[in-house]
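Asks: Would you be able to build a 3D model of this:
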Amino acid sequence: MVTFLEILGSLGVFLFGMKVLSEGTQKVAGQRMRHVMATMTKNRASGVATGFGVTCLLQSSSATTVIVVSFVNVGLLTLIESIGVIMGANLGTTVTAWIIAAVGKFSLAKIAIPIIGIGLPFIFISKGRAKGWGEVMIGFGLLFFGLGLLKDNVPDVKGMLASEDADVKAQAEAVLEFIKSLSGKGYLSYLLFLVLGVVLTLMVQSSSAAMAITVTLAMNGWIGFEESAFVVLGENIGTTVTAWLASLGANHHAKRAARAHFMFNVLGVIWMLILFVPFKELVLWISGGLPESFRMEKHNTDVGFNLAIFHTLFNFTNICLLIGFVPFIEKIVTNWVKEPASTGRRERLTFITQGMVNTGELNLPEAEKATVELAKLTQDMFDGFVEVFNNPKQDLSEKVNSLHEMEDEADERTADITEYLVRCASAEIGQSNATGVAQMIRIVSELEEISDTIYRLVKLTQRKYKKEREFTSEATEGLRDYAQLIARFITVYNEKMFQPIDRKEIDAARTLENEIGSRGKSLNKLALGRMAMPEPDIKAEILNMELNNHCEKIGNHGFNVMQCLYTMANKEEAPDNIAQPIDQIIDDKRDQPEG
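Replies: Residues are numbered from 1 along each chain as shown. The predicted structure follows:
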């Protein structure tokens, strides 16, 4: 019982280290990874390289594939591009096997503890990227420390069999007898260990942790190379379930990416079942060429390195075999997951998570996309108001109803985006992105105020027509010109949404806002002048002033949006400045031909 708890505790240290390392890496380089994944996947080879690199950094293929699913969901990656990244993520998981095999030869605990010690002071630095680097170092140290503990706490089968304690010896013999009963049945045994690998991965929710357990058991003599190889293959299938679950609440594009991941790994396992015997011989031949310094003292044949070679060679070969069939895989999963019929209902924001590792840092593109859509909604609403105002003799009741629905939609979007951003922030994102999230929440709030103000303009215009309030030609033309100025400002913040903004551009926005304020005061002064004339239409002039005041409010809220965008673009340590704007990237993906 004590040994089991020690193994479980060792696994816990490993998993916690992986979590801290992955989340720390996102804080340090999350925005750069977002840029790389969104822009450096133009062809399959670069997609594979990107997936490999990101998985090596995060030390979790599950985290990488969940990020891929979320990027497909938001439109930053096409399905074709996502398949390449997923292939690379599979290859990236092989690094874990090599690390575990190396732990078997070298004692990294002596290195791990000093690394944790170096990283600890950085944790207490509350600002900037330094804290993220501290988490990376502590995570790195804990990961290796956990692996070292796992290696030390899993008993060596030879040692147990040679033990003078009869109970210990009997336990070892019983376990070996059980494993032996599962082995030696040909393909049936292969399938049993394959299923065991799937179940193990589902239980620990991490293919890296499952790999650590498998390699450690093999290195200590509990299972042979053949059995452990099929457990590893099962883990390759088990890890696809994470992305599958992550895609459940996402759109059909993300579901297709998750199915492509599943299909890619299953196809690999199928051909390996057919060619396992010659493939095993190839692995053993390559292993025979390893330097003597790689050999372990416990066993003549180092099964840890054999498994690392097997896992690497399998994934590399699988990529080489299937990379040419990516369009075919894309076609199959497209037919597998049909595009749903349009219901006219808006898609809800989907916070995609891996479960153990927080990916809030890389979930932000979805919120940015939704905010861009909200900003565009305000532009459509203002265009609708102008149409209603300029056509007093037409029956535009349907248009007014449509604008009311748009205003309700803006309120719903605001609630969704705000809730989503709060979830992102609660995932302990980096300081730089925390500043961005705070600014995004304010942007969303300002956009909601703009949509509410526009709808009030529509209602005031309705009142004008119902009460037959006649504006003077001066008032009508003045308001039309004023509306053009407001429309110009709305266009400005739509065009600059999540793009870098320099001092010159924010000064131009301030000048435009001042012009809007001055124009509003000037129009109200003219209205007051008309009210002082003989036989004025007081109610019409008051209504005119209300319209002017609401237009001025839009200018104020619009400038607040621009200020937030400026703060986001110029915050400290903001690698966003190297990235393409979110909406531009998405547009590029849409224009890009599939295949």
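Asks: For the stretch 401-550 of the chain, give me the ranges with low pLDDT.
Replies: The stretch 401-550 of the chain contains residues with pLDDT under 70 at 427-432.
Asks: and the closest residue to residue 480 other than its chain neighbours, how many neighbours does it have?
Replies: With Cβ to Cβ, 6 or more residues apart in numbering as the criterion, residue 480 has its nearest non-adjacent residue at 7.0 Å, and that residue is residue 390. Where you see a C-beta, it was placed from the backbone N, CA and C, and this is true even at glycine. Close neighbours of residue 390, defined as other Cβ atoms under 10 Å, add up to 13.
Asks: hang on, isn't residue 390 packed against residue 477?
Replies: No: using Cβ atoms under 8 Å, residue 390 is not in contact with residue 477; the gap is 11.2 Å.
Asks: According to the record, where do the domains of the chain fall?
Replies: The record's domain split for the chain, according to automatic domain parsing, is 2-336, 363-591.
Asks: Might you calculate how far the shortest one sits from the centre of the chain?
Replies: Yep, that's domain 363-591 we're talking about. With Cα atoms, centre = their mean, to the nearest Å as the basis, domain 363-591 stands 29 Å off its chain's centre.
Asks: How about stretch 61-80?
Replies: So, by Cα atoms, centre = their mean, the centroid of stretch 61-80 is 7 Å from its chain's centroid.
Asks: Give me the contact list for stretch 532-551.
Replies: 453, 456-457, 460-461, 463-464, 467, 469-471, 475, 479, 482-483, 486, 516, 520, 523-524, 527-528, 530-531 (Cβ atoms under 8 Å, 6 or more residues apart in numbering).
Asks: If we use 6 Å, what do you get?
Replies: 453, 456-457, 460, 464, 469-471, 475, 479, 482, 486, 520, 523-524, 527, 530-531 (Cβ atoms under 6 Å, 6 or more residues apart in numbering).
Asks: what about the stretch 51-200 of the chain, any weak spots by pLDDT?
Replies: 102-109, 126-128, 156-164, 168-169, 172, 175-176, 178, 184.
Asks: 90 instead?
Replies: 51, 53-86, 89-90, 92-137, 139-193, 196-200 (pLDDT under 90).
Asks: Against residue 154, how distant is the closest residue to residue 492 other than its chain neighbours?
Replies: Take residue 492 and drop its neighbours on the chain: the residue closest to it by Cβ to Cβ, 6+ apart is residue 509, 6.4 Å away. Residue 509 sits 63 Å away from residue 154, going by Cβ to Cβ, to the nearest Å.
Asks: Check which helix or strand residue 339 maps to.
Replies: For residue 339, there is no host helix or strand (DSSP states H and E).
Asks: For residue 490, see how far away the residue nearest to residue 480 is.
Replies: 17 Å.
Asks: In space, what's closest to residue 314 - neighbours in sequence excluded?
Replies: residue 272 (6.2 Å).
Asks: what do you get for residue 396?
Replies: Nearest one to residue 396, counting by Cβ to Cβ, 6+ apart, is residue 388 at 5.2 Å.
Asks: Could you point out the helix or strand that follows the helix or strand the one you found falls within?
Replies: Assessed by DSSP H and E, residue 388 sits inside helix 364-390. Note on helix 364-390: by DSSP H and E, the next helix or strand toward the C-terminus is helix 397-426.
Asks: Which neighbouring elements make contact with that following helix?
Replies: Helix 397-426 is packed against helix 364-390, helix 431-466, with contacts defined by 3 or more Cβ pairs under 6 Å, 6 or more residues apart in numbering; DSSP states H and E.
Asks: Out of those helices, which is closest to residue 130?
Replies: Smallest distance to residue 130 across these (Cβ to Cβ): 9.4 Å, for helix 431-466.
Asks: can you count the residues close to residue 182?
Replies: Count around residue 182 with other Cβ under 10 Å applied: 14.
Asks: Hmm, residue 555 and residue 513 touching each other?
Replies: Yes: using Cβ atoms under 6 Å, residue 513 is in contact with residue 555, at 5.1 Å.
Asks: circling back to that earlier point, so of the contacts of stretch 532-551, which ones are in strands?
Replies: Judged by DSSP state E, the subset of the contacts of stretch 532-551 located in strands is empty.
Asks: which of the residues you listed are buried?
Replies: In terms of neighbour count (16 or more other Cβ atoms under 10 Å), the buried residues within the contacts of stretch 532-551 are 453, 456-457, 460, 464, 469, 471, 475, 479, 482, 486, 520, 523-524, 527, 530.
Asks: Next, the residue with the largest distance to the centre of the chain: secondary structure please.
Replies: If you look at how far each residue of the chain sits from its centre, by Cα atoms, centre = their mean, the farthest one is residue 534, at 65.9 Å. Applying DSSP: H, G, I helix; E, B strand; the rest coil to residue 534 yields a three-state assignment of coil.
Asks: Sitting in helices, which of the contacts of stretch 532-551 do you find?
Replies: The helices, defined by DSSP state H, take in 453, 456-457, 460, 464, 475, 479, 482, 486, 520, 523-524, 527, 530-531 from these.
Asks: which one among those gets closest to residue 55?
Replies: residue 453 (47.2 Å).
Asks: you'd agree the closest one is up against residue 554?
Replies: Yes: contact criterion Cβ under 6 Å: residue 453 and residue 554 qualify, at 5.4 Å.
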